[in-house]
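Student: one predicted model, sequence on top.
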Amino acid sequence: MNDLTLATRAAHEAGKLLRSNFGTPLDVDEASHHDIKLALDKQSQDLITAILLDARPGDALYGEEGIAGNQDSPRQWIVDPIDGTVNFFYGIPHFCVSIALRIDKRIVVGVIHDPMVGETWTVEEGGPVLLNGSPVKASTREKLEESVLFVGCGKDGKALETGLERFRRGSLRARKMRMMGSAALGMAYIACGRLDAYIESRISLWDIAAGMLMLEAAGGRVDLTEIPGNPDAWSIVASNGRIPIGEIL
């Protein structure tokens, strides 16, 4: 089984777990003003970890719910077991499983699986982006006035202020603005032409790793800036590579 097939299998098995628990009473491990951690987050990551590391026992895994495996390995799986946990908790069927493989600091495999809609985006380095097995590309829209933009606001005060101001500026220019609650799905949507850009001033690598490879393979562009003092946090500007997204930053 190659790496992409393995990652897809792990994402689908986790997706089955999430779908079977959707709409049921859930155990909350941690709650803050702008975020929730569920016991199911860890259960989903444990399931993914078992599948990946049983097949690749020498690999490392880095996920939202912690690390596993051989952390000295050049092969590192990057996992978000539920991207969109707040949506999931509130019964909003917009969330996904995101799995990427990074080898020697280069992302080479990406899988994003939406278990509620039944959509799976997959990509290998140098290959096309596939949505349920069919090739997709980013949109060819070039004008902000024709675009649909996804803005994330982060979870701390400064990130919220930045995101809301970008949302205001974008609203004056774009056809529509969206705050959807899943960074990974937002990037997958750009990769298949449903959205045209995604901006967030503070996001974690596990949210965007698979989507970065996917979006660039689909003809888009991703610009990342590391947040000083926090190796887990990044600022991201992702687009179809055509619209002048810098005009609203």
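Tutor: That came through fine.

Student: drop to CA atoms for contacts and neighbour counts, all remaining ones
Tutor: Noted.

Student: can you classify the nearest residue to residue 178 once chain neighbours are set aside by secondary structure?
Tutor: Leaving aside its chain neighbours, residue 178 sits nearest to residue 150 (4.7 Å; criterion: Cα to Cα, 6 or more residues apart in numbering). Secondary structure for residue 150, judged by DSSP: H, G, I helix; E, B strand; the rest coil, is strand.

Student: roughly how far does residue 150 sit from residue 48?
Tutor: As judged by Cα to Cα, to the nearest Å, residue 150 and residue 48 stand 28 Å apart.

Student: what's the longest helix belonging to the chain packed up against?
Tutor: Ranked by residue count and defined by DSSP state H, the top helix of the chain is helix 3-21. On a contact count with 3 or more Cα pairs under 8 Å, 6 or more residues apart in numbering; DSSP states H and E, helix 3-21 meets helix 39-55, strand 96-103, strand 106-114, strand 119-124.

Student: got the angle between the second one and helix 3-21?
Tutor: The directions of strand 96-103 and helix 3-21 differ by 160 degrees, with axes from the mean of the first three to the mean of the last three Cα atoms, to 10 degrees as the criterion.

Student: quick one: strands adjacent to strand 96-103?
Tutor: strand 75-83 (antiparallel), strand 106-114 (antiparallel) (DSSP bridges).

Student: hmm, residue 69 is touching residue 55, no?
Tutor: No. Taking contacts as Cα atoms under 8 Å, residue 69 lies outside contact range of residue 55: 11.7 Å.

Student: comparing the two, which shows the higher neighbour count?
Tutor: Taking neighbours as other Cα atoms under 10 Å, residue 69 and residue 55 compare with residue 69 leading, 18 against 14.

Student: which residue, other than its chain neighbours, is closest to the more buried one?
Tutor: With Cα to Cα, 6+ apart, the residue lying closest to residue 69 is residue 60, at 4.5 Å.

Student: same question for residue 238.
Tutor: Nearest to residue 238 is residue 222, by Cα to Cα, 6+ apart, at 4.3 Å.

Student: where in the protein is pLDDT low?
Tutor: 29-35, 154-157, 159 (pLDDT under 70).
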